[in-house]
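Asker: structure for this input, please:
(one chain, ligands or ions: 1)
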Amino acid sequence: MSFELTGEIFSILMNIAGLMLCLFRYFEHARKAYVYAIAFLIGNLLSNYYWGVYMLVMHDYPNVSSMFAYFGWNLAYVVLVFMELCIRKEHGIRLFSPIALIPVPVNIAQLILYLQFGGIFNNIWQVFWTTAAACLALDTIIYYLRDRDEKKIFPYTSVVIFAYITIEYTAWTSSCFDWPSEFRDPYNYLSILDSLCFILIPLALTKLYGRDSNASGNYPNEHLMSLFKPLYSSIVAVCCFGGYFLAIWMRNTLGNGTGGTGDGDPYKIIAVMLFVVSVTLISFTMIIVLVVGSMQKTYEGEELKKAKFSAEKSNAIKSEFLANMSHEIRTPINAVLGMNEMILRESLEARDNPPESSDLIKKKFSELCFYSGNIDSAGKNLLSIINDILDLSRIEAGKLEIVNASYQLSSVLNDVSNMIIFKAKDKGLEFEVEVDENLPETLCGDEVRVRQVITNLLNNAVKYTEKGKVVLAVSEERSRSETDPDLTSLVISVKDTGIGIKEEDKARLFKKFERFDTERNSSIEGTGLGLSITASLVKMMGGTISVESQYGLGSVFTAVIPQEIVSDKPLGDFRKRFEQSLNSMKTKKEPFRANDALILVVDDTQINLLVVKGLLKNIGIKIDTARSGTEAIRLATLNHYDIIFIDQRMPGMDGTTTMNHIKTDAGGVNADTPFICITADAISGARERYIAEGFDDYLSKPIESARLEKTLETYLPKDKIDYAGD
Ligand code: ADP
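Answerer: Residues are numbered from 1 along each chain as shown. Model (predicted):
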């Protein structure tokens, strides 16, 4: 086989490979530039296949009109210009640099040289379109090279187009001269190089568009897309091999089987047959391109509709959320400001006109207590709304993490029972707790979130029950799997004899902002977020939540949450322990005094310092305060403190850094002092984290007076604490 023929066959193979690659990429990523690339490659294939196969079968050039022979190439060059224009649009290029006109004189000079061969129309047509494509591609490259910045994408496709045309021209020019042998003829080498561009075009376009962005794998009819690939490959194989074998068969039956100059009828028939085969291939390709394109358009239209719908929906939800929150937040703020106004007004009145009798003084103080009691409950309500909003936004942003750490189940149950029993009693409800004695005492899970789930369910039970009782029952689902024997499921159920939930409302119960029976519940405060957050938390912990309810009779909410068992030691009789702790609270001893103790409180917010001072007023402890880490370090070099409380988040130096400086730099005066971190970070494992950082303990904000006193009692030197009864 001659070198030239080998080059032709190589060119056909590269052409087919490039075409298939382009088409497959188009299936994944239906961009216009791929359609141009497909049209360019198919135009080339039309002439390449026809010439190459004819030469392979007949060992000669086909003797047909030049219009007929060059048809494919002529089409391809036009497409090349449109393809480059499309690429320029992608790169956002509008202006044209005159330097990019360099190919014009060069190509005209070559045209003059080449005009002696081939038809005048073909040559002028080809030079016009290829020069236009070369100038545009060169301009795209110049645009990239000039004022380069990181946002500009390298114009791979334009480089390939420019290289293709330059090589093509050099090859044509070289073919105007005589060469001693075909192995010395640069044309053959250049045309191999040129063929490589066929495969480089889809690769360059992939670089521009990326592989799996946009529609990849998202087509509405993915199966149909995956069917297209083998279908198209089969069509290409059938056409290419079919045409070749058909030509051989025709040569053997119609001609004398030896090949020839192609003057006779059989040779013309073979030439026409090859042309028809090429056109069939083109038609199939274009049909597939059209089908995929229209599918993509419909798909994009639907996607656009969906995106519009979801944008409208999320807008409506946002407005509803803002309206809801504005109302929910304003209600407690209104109570806080209103009640505070009453306290101010009546205190000033009492200051200017002091009540005369002790009964009147008592009455005045009980009124003031009533107002501040209302402020307390409104403030707590506000805090719980804000916590709910924060939790909801964290859940929706996927930022809420479940942090597992080991914890004592009895301590969680004790805290939630302690909290709810007083609320229940205030409403005249009974509260019962039934805890399985065999439950493991130490578990590993997100203690804060387990506590939150139980608290939410208990709060609702009390909120939506007028008379009767609320029961908290905790047991274990003994489905410890063989693969993980340390895994168990806590079954937490909260039963009430309240208003119940209608059957038709149950489906929407765990959705956010859903509240039912609003007329009946108009006096009950709520945002409709609690159950939605509870359900999300349970789900995030790998559990399930369900409800059984009879309207008017009561409800049972059951959450099943998987937890790891840390120690198999059973929890024992929780109810007995809880009753004992309640009794010990009733006989609570008088608060202690610590007149000789000195503590340092560090916080950048003045009001927080005032709160701590106020809360500790009745303990008689001496308190130094500092508004920054630097001030704290200065004070710590001068005095020895019995405890140092430090706010974690402060501008400049944070809590941990301040503590480290005091421990190491402040002359060692406070090297052994207990450090307590004050933080708003109340996630599971926070204590362990702060202890690992060097703190002895932590207090979460807002500071509760009971916890603050407990911390003092734990960390103050025992000889500085005076119990009133001592
Ligand atoms: P909120 O209590 O703030 O309104 P939730 O998400 O906690 O929000 O509850 C949503 C709704 O479900 C409530 O408004 C109430 O109508 C209903 N609901 C929740 N718990 C109970 C219960 N134990 N008994 C009756 N209805 C309940």
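Asker: CA only for contacts and neighbour counts going forward, please
Answerer: Will do.
Asker: name the helix or strand for whichever residue of the stretch 51-200 of the chain sits closest to the ligand, please.
Answerer: Distances between the stretch 51-200 of the chain and the ligand by C-alpha to the nearest ligand atom are smallest at Lys151, namely 47.6 Å. Secondary structure from DSSP states H and E places Lys151 outside every helix and strand.
Asker: show me where the stretch 601-726 of the chain dips below the pLDDT cut-off.
Answerer: 666, 682-686, 724-726 (pLDDT under 70).
Asker: can you rerun that using 50?
Answerer: For the stretch 601-726 of the chain, applying pLDDT under 50 flags the ranges 725-726.
Asker: quick one: the helices in it?
Answerer: With DSSP state H, counting those that start in this stretch as the criterion, the stretch 601-726 of the chain has helices at 606-615, 629-638, 655-664, 686-693, 705-715.
Asker: could I get those as JSON lines with mean neighbour count?
Answerer: Formatted as JSON lines, the helices of the stretch 601-726 of the chain follow (neighbours: other C-alpha atoms under 10 Å):
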{"stretch": "helix 606-615", "mean neighbour count": "15"}
{"stretch": "helix 629-638", "mean neighbour count": "18"}
{"stretch": "helix 655-664", "mean neighbour count": "20"}
{"stretch": "helix 686-693", "mean neighbour count": "15"}
{"stretch": "helix 705-715", "mean neighbour count": "14"}
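Asker: columns distance to Lys362 on top of the ones you listed, output as a markdown table?
Answerer: Below are the helices of the stretch 601-726 of the chain laid out as a markdown table (distance: least, C-alpha to C-alpha, whole Å):
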| stretch | distance to Lys362 |
| --- | --- |
| helix 606-615 | 22 |
| helix 629-638 | 42 |
| helix 655-664 | 44 |
| helix 686-693 | 43 |
| helix 705-715 | 25 |
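Asker: reformat those as TSV; add distance to the ligand.
Answerer: Formatted as TSV, these follow (distance: least, C-alpha to the nearest ligand atom, whole Å):
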stretch	distance to the ligand
helix 606-615	29
helix 629-638	40
helix 655-664	36
helix 686-693	27
helix 705-715	27
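Asker: among those, which is nearest Pro103?
Answerer: helix 655-664 (67.5 Å; C-alpha to C-alpha).
Asker: the closest one to helix 686-693, inter-axis angle?
Answerer: 40 degrees (axes from the mean of the first three to the mean of the last three C-alpha atoms, to 10 degrees).
Asker: residues contacting helix 655-664, please?
Answerer: 629-630, 632-633, 636-637, 646-649, 668, 670-672, 675, 677, 693-694 (C-alpha atoms under 8 Å, 6 or more residues apart in numbering).
Asker: now do stretch 8-25
Answerer: 34, 37-38, 41-42, 44-45, 48-49, 52-53, 191-192, 195-196, 198-202, 206, 211, 229, 233, 236, 289.
Asker: got the CA positions of it in PDB?
Answerer: Output of stretch 8-25 as PDB, limited to C-alpha atoms (Å, rounded to 0.1, in the frame of the first residue of the first chain):
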ATOM      1  CA  GLU A   8      -5.700   8.700   3.500                       C
ATOM      2  CA  ILE A   9      -6.800   5.700   5.600                       C
ATOM      3  CA  PHE A  10      -5.200   7.200   8.700                       C
ATOM      4  CA  SER A  11      -7.100  10.400   8.000                       C
ATOM      5  CA  ILE A  12     -10.400   8.600   7.600                       C
ATOM      6  CA  LEU A  13      -9.900   6.700  10.900                       C
ATOM      7  CA  MET A  14      -9.000  10.000  12.800                       C
ATOM      8  CA  ASN A  15     -12.000  11.700  11.100                       C
ATOM      9  CA  ILE A  16     -14.400   8.900  12.300                       C
ATOM     10  CA  ALA A  17     -12.800   8.800  15.800                       C
ATOM     11  CA  GLY A  18     -13.100  12.600  16.100                       C
ATOM     12  CA  LEU A  19     -16.700  12.600  14.900                       C
ATOM     13  CA  MET A  20     -17.800   9.900  17.300                       C
ATOM     14  CA  LEU A  21     -16.000  11.700  20.200                       C
ATOM     15  CA  CYS A  22     -17.700  14.900  19.300                       C
ATOM     16  CA  LEU A  23     -21.100  13.300  19.100                       C
ATOM     17  CA  PHE A  24     -20.700  11.400  22.400                       C
ATOM     18  CA  ARG A  25     -19.700  14.600  24.100                       C
END
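Asker: how distant is stretch 701-720 from the center of its chain?
Answerer: 42 Å (C-alpha atoms, centre = their mean, to the nearest Å).
Asker: one more: stretch 226-241?
Answerer: Distance of stretch 226-241 from the chain centroid (C-alpha atoms, centre = their mean) equals 39 Å.
Asker: quick check: mean pLDDT across that stretch?
Answerer: Stretch 226-241 shows a mean pLDDT of 82.
Asker: how does the protein divide into domains?
Answerer: Listed domain ranges for the chain are 3-312, 406-583, 592-723 (source: automatic domain parsing).
Asker: go through these and find the least confident stretch.
Answerer: Per-stretch mean pLDDT for the domains of the chain is lowest at domain 3-312 (a mean of 81).
Asker: straight-line length of it, end to end?
Answerer: 66 Å (C-alpha to C-alpha, to the nearest Å).
Asker: Val566: neighbour count?
Answerer: For Val566, the count of nearby residues is 18 (other C-alpha atoms under 10 Å).
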